[in-house]
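Q: My questions are about this predicted structure, shown below with the sequence.
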Amino acid sequence: MSKQTKFIFVTGGVVSSLGKGLVSASIGALMESRGLRVANMKLDPYINIDPGTMNPLQHGEVFVTDDGAETDLDLGHYERFVSTNMSRLNNITTGQVYDAVITKERRGEYLGGTVQVIPHITDEIKRRVLRCAEGLDLLIVEVGGTVGDIESLPFLEATRQLRTELGPQNSVSVHLTLVPYLSAAGELKTKPTQHSVGKLREIGIQADVLICRSERPLEDDLLKKIAMFCNVALDAVFQSVDVETIYQLPLLLADQGLDEKLSELLNIWSRAPRLSAWESIVEGILSPSREVTIGFVGKYVQLVESYKSLNEALVHAGIANRARINILHIDSEEIEDKGAEALLAGVDGVLVAPGFGARGAEGKIAAVEFARTRSIPFLGICLGMQMAVVEFARNVCGLSGASSSEIDDEAAHPVVDLMPDQQDITDKGATMRLGAYPCQLTEGSQAHRAYGKSEISERHRHRWEINNAYRELLTSHGMDIVGTSPDNRLVEVIELPEHPYFVACQFHPEFKSRPLEPHPLFRTFVEAACVHAGRRRDDAASAIELTTGV
């Protein structure tokens, strides 16, 4: 670790889901805008080794890094707000820490000593934090959970120890807390914040900076009260009020001088922040010149966090196209019950999202057919591509019984199947094709035009692949395989050249989309949806003119 590395430890109090991840990411954006080398780290208190085996409805999206780590969705926020690519070093869990310590104990590395939470667990946490900080000017460490949770105590104790060991002006404690509004009393209440900061002090950590989450702005007298009772300087109490878009948060905090205060506390000399790029992002979102409706077909749409990166990638594409994106989330099981026409009529584009398992698969296939036969722009991702191949095999190639062996292990035509090296795997955690893999694109294809190059690298998270035994049949009926692995063994991108826009990919492009750099496939998909929307409006206007004569 460089001696110059500084640390910001972000904790949360009162309730969960206050937005620690977004605050941590926004701090990263602000400090990076001052010219610093910045990264973020997430300490997750759950005992799972990683979120890879969790149902997205429980924990939200699983974000995948280039090096193949299945991580918390907050790492997606980090990558969208700072330029650093995160890795498996940037997300650790209680499960990983205990697994490492127990493995060392079994090997005899503790020389017969009694293994305890302090110092062995806390030392392992500190070792990983310091390793993640190597080569950086600043590491922002988000401690998951809520202060007072028993699960978070080892991480908070490690944080307390690190702050002492790092010395003055090398670390800052930022505490995010809730200031609720009680409508019956007609006032904002500071007591939960006072209790939260008090609980943090019991652990041995004095907050240096408070960020108060609230539905409405706090008056000066409330800020003074919070500062006094929480033993925090008045100019170190900041507000995080509801905003129209999450990309306003860095600007909101900068207007209050958060980055200036953090630089002062950490004794950092840097240039003034350059926030024009963030201003242009917000302006693009809040002042669009057109709008489109995207039918978003998925299995986990009841929890928007399940598809966080996908939703954000559509927003980024909207910025690039000066378009407001109205996302119509549709459960694929509902399509099975009510039909695609009933739920997708009037959309300007259809996106079929990733997922696992047989549930809702036929609904996704119906959504693909709806988009294909009605010339509606289509983007399929991972399972979305696989279902597009199944639909094409059934309805264009005439293969009755075509399916994926994931859905039907006795399918007559398994056009999607496990590769030989996946056949005998029984463990579910981290055994898929994970992380960045290269892909070769066919020149002249829509994907090639979107990327502007032939060689790309994209992140994967899947186990099933397009069955090579059916590739010739698919292409002979009009499907173009325009992206493959360099050895041509794995299908990565398919297109239908006769369709206005029909593109599907095996990888997850959403993981690499950023507000300043929208992903090419999302950008061109939304562009095609805008064209479709314009054509629909023209057709509607013509119909009115014919009917009314006006």
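A: Now that the structure is in, tell me what you want to look at. Everything numeric in this text was worked out from a predicted model, so none of it was measured. Numbers count the residues shown, from 1 in each chain.
Q: ok, and the closest non-adjacent residue to Tyr501?
A: Spatial nearest neighbour of Tyr501, excluding adjacent residues (Cβ to Cβ, 6 or more residues apart in numbering): Ala528 at 3.6 Å. For the C-beta atoms, the positions are set from N, CA and C on the backbone; glycine is no exception.
Q: same question, Ala411
A: Ser403 (3.9 Å).
Q: Assign the one you found to helix, strand or coil.
A: Three-state call for Ser403 (DSSP: H, G, I helix; E, B strand; the rest coil): strand.
Q: got a list of what it touches?
A: 390, 411, 413-416 (Cβ atoms under 8 Å, 6 or more residues apart in numbering).
Q: From the residues you listed, which shows the smallest pLDDT?
A: Ranked by pLDDT, the contacts of Ser403 bottom out at Ala411, which scores 92.
Q: any residues touching stretch 319-333, and which ones?
A: With Cβ under 8 Å, 6+ apart, stretch 319-333 has contacts from 281, 284-285, 288-299, 301-302, 304, 311, 314-315, 317-318, 343-344, 347, 355, 359-364, 367, 515, 518, 523, 526-527, 530.
Q: Quick one: buried ones out of the residues you listed?
A: Burial by neighbour count, 16 or more other Cβ atoms under 10 Å: within the contacts of stretch 319-333 this picks out 281, 284-285, 288, 292-299, 301, 311, 314-315, 317-318, 343-344, 347, 355, 360-364, 367, 515, 518, 523, 526-527, 530.
Q: Which ones among those residues map onto strands?
A: 292-298 (DSSP state E).
Q: for those residues, which one is nearest Gly52?
A: Comparing those against Gly52 with Cβ to Cβ places Gly298 closest, at 18.3 Å.
Q: Name the nearest residue to the closest one, sequence neighbours excluded.
A: Once flanking residues are discounted, Gly298 sits nearest to Ala353: 3.7 Å by Cβ to Cβ, 6+ apart.
Q: tell me the phi and psi of that neighbour?
A: Dihedral angles of Ala353 (phi, psi; degrees, to the nearest 10) stand at phi -90, psi 170.
Q: That one contacts Val304, doesn't it?
A: No - here Ala353 does not reach Val304: they are 11.9 Å apart, not a contact under Cβ atoms under 8 Å.
Q: ok so Arg324 is a strand residue?
A: Yes - applying three-state DSSP, one finds Arg324 inside a strand.
Q: Is it bridged to anything, and to what?
A: Going by DSSP bridges, Arg324 is paired in beta bridges with Glu291.
Q: Can we start the residue count at 896 from this point?
A: Let's use 896 as the start, then, which means that last one is Arg1219.
Q: pLDDT value on it, please?
A: Predicted confidence (pLDDT) for Arg1219: 96.
Q: ok, it to Ile1180 distance?
A: According to Cβ to Cβ, to the nearest Å, Arg1219 stands 8 Å off from Ile1180.
Q: where do the contact lists of those two overlap?
A: Gly1213.
Q: May I have the secondary structure class of Ile1302?
A: coil.
Q: Hmm, Phe1251 and it touching each other?
A: No - counting by Cβ under 8 Å, Ile1302 stays clear of Phe1251, with 10.5 Å between them.
Q: Report the contact partners of Ile1013.
A: Glu1052.
Q: So it: helix, strand or coil?
A: helix.
Q: Can you report how many residues lie near Thr1337?
A: By other Cβ atoms under 10 Å, the residues close to Thr1337 number 16.
Q: Identify the residue spatially nearest to it, adjacent ones excluded.
A: Leaving aside its chain neighbours, Thr1337 sits nearest to Val1377 (4.2 Å; criterion: Cβ to Cβ, 6+ apart).
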